[in-house]
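Asker: have a look at this prediction, sequence included:
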Amino acid sequence: GQQVMQIPQYQHVQEGEDFTTYCNSSTTLSNIQWYKQRPGGHPVFLIQLVKSGEVKKQKRLTFQFGEAKKNSSLHITATQTTDVGTYFCAVNYNQGGKLIFGQGTELSVKP
Amino acid sequence: ETGVTQSPTHLIKTRGQQVTLRCSSQSGHNTVSWYQQALGQGPQFIFQYYREEENGRGNFPPRFSGLQFPNYSSELNVNALELDDSALYLCASSSPITQETQYFGPGTRLLVL
């Protein structure tokens, strides 16, 4: 079935270190979205990528979409305690339809 | 502009009971999707409603049903509750302009005992 694999499942970093989570699919994706879910909270939309090789930045966050549109990554530079949460990639397989989420990467940041 | 709201925030039910969860979509959004998020997992798509009709369904049994009203608000009904139905139920709305971007509500935490 339609799946996106996300690694790692957990990442523990010291404040100031960098963090990266990866999302992979066996099929070509029309788009990929990234969400952040704080502990006890709900997913919050971060960004959507649609173009092959696309790179977008939001302050310390850098999002990439692979050239083959089968993988994506989220990189956080110099993590802060406010970055704590679970980061999900998600794919919309049908225009305006259902989102298929990855398993998420839980980030903890030690001050 | 109000965001997506859901009620109740928490709910405890016993096995076999029925539950109704409610969602009000963000202003201007006519599409509502429901997701189930078990502890430590990513959200799983249940179904989507557009113009009061079901518009896509995930791998959930028929005892999961829904409604959308003319004001675009929505209900999720679950009959014959099972222990495994314990989860966070998320509602997400999207607009006709940016259909692929969904905005999530705070969720309803359901515990089935």
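Answerer: Yep, it's here.

Asker: tally of neighbours for residue 18?
Answerer: No chain was given, so I picked chain A. 12 (other C-beta atoms under 10 Å in any protein chain shown). C-beta: built from backbone N, CA, C; applies to glycine.

Asker: hmm, no, I was thinking of chain B.
Answerer: With other C-beta under 10 Å as criterion, residue B:18 counts 11.

Asker: do I have it right that it meets residue B:79?
Answerer: Yes - taking C-beta atoms under 8 Å as the definition, residue B:18 is a contact partner of residue B:79 at 4.9 Å.

Asker: which neighbours do these two have in common?
Answerer: Common contact partners of residue B:18 and residue B:79 (C-beta atoms under 8 Å, 6 or more residues apart in numbering or on different chains): none.

Asker: show the contacting residues for residue A:87.
Answerer: A:21, A:34-37, A:74, A:104-105, A:107.

Asker: okay if I get these as CSV plus secondary structure and pLDDT?
Answerer: Formatted as CSV, the contacts of residue A:87 follow (DSSP: H, G, I helix; E, B strand; the rest coil; pLDDT from 0 to 100):
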residue, secondary structure, pLDDT
A:21, strand, 98
A:34, strand, 97
A:35, strand, 96
A:36, strand, 97
A:37, strand, 97
A:74, strand, 98
A:104, coil, 96
A:105, strand, 98
A:107, strand, 98
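
Asker: secondary structure class for the residue of chain B most remote from its centre?
Answerer: The C-alpha centroid of chain B is most remote from residue B:97, which lies 21.4 Å away (C-alpha atoms, centre = their mean). Recorded secondary structure, residue B:97: coil (DSSP: H, G, I helix; E, B strand; the rest coil).

Asker: phi, psi for it please.
Answerer: phi -90, psi -50 (degrees, to the nearest 10).

Asker: quick one: it from residue A:55, how far?
Answerer: Using C-beta to C-beta, to the nearest Å, residue B:97 is found at 25 Å from residue A:55.

Asker: and the contacts of the helix or strand of chain B with the lowest mean pLDDT?
Answerer: Of all helical and strand segments in chain B, the minimum by mean pLDDT, DSSP states H and E falls on strand B:53-57, at a mean of 90. Outside strand B:53-57, the residues that touch it by C-beta under 8 Å, 6+ apart are A:94, A:97-98, B:31, B:45-49, B:66, B:68.

Asker: how about residue B:15, phi and psi?
Answerer: According to degrees, to the nearest 10, residue B:15 has phi -50, psi 140.

Asker: that one contacts residue B:83, correct?
Answerer: Yes - applying C-beta under 8 Å, one finds residue B:15 in contact with residue B:83, separated by 6.1 Å.

Asker: what's the overlap in contacts for those two?
Answerer: Joint contacts of residue B:15 and residue B:83 (C-beta under 8 Å, 6+ apart) are B:112-113.
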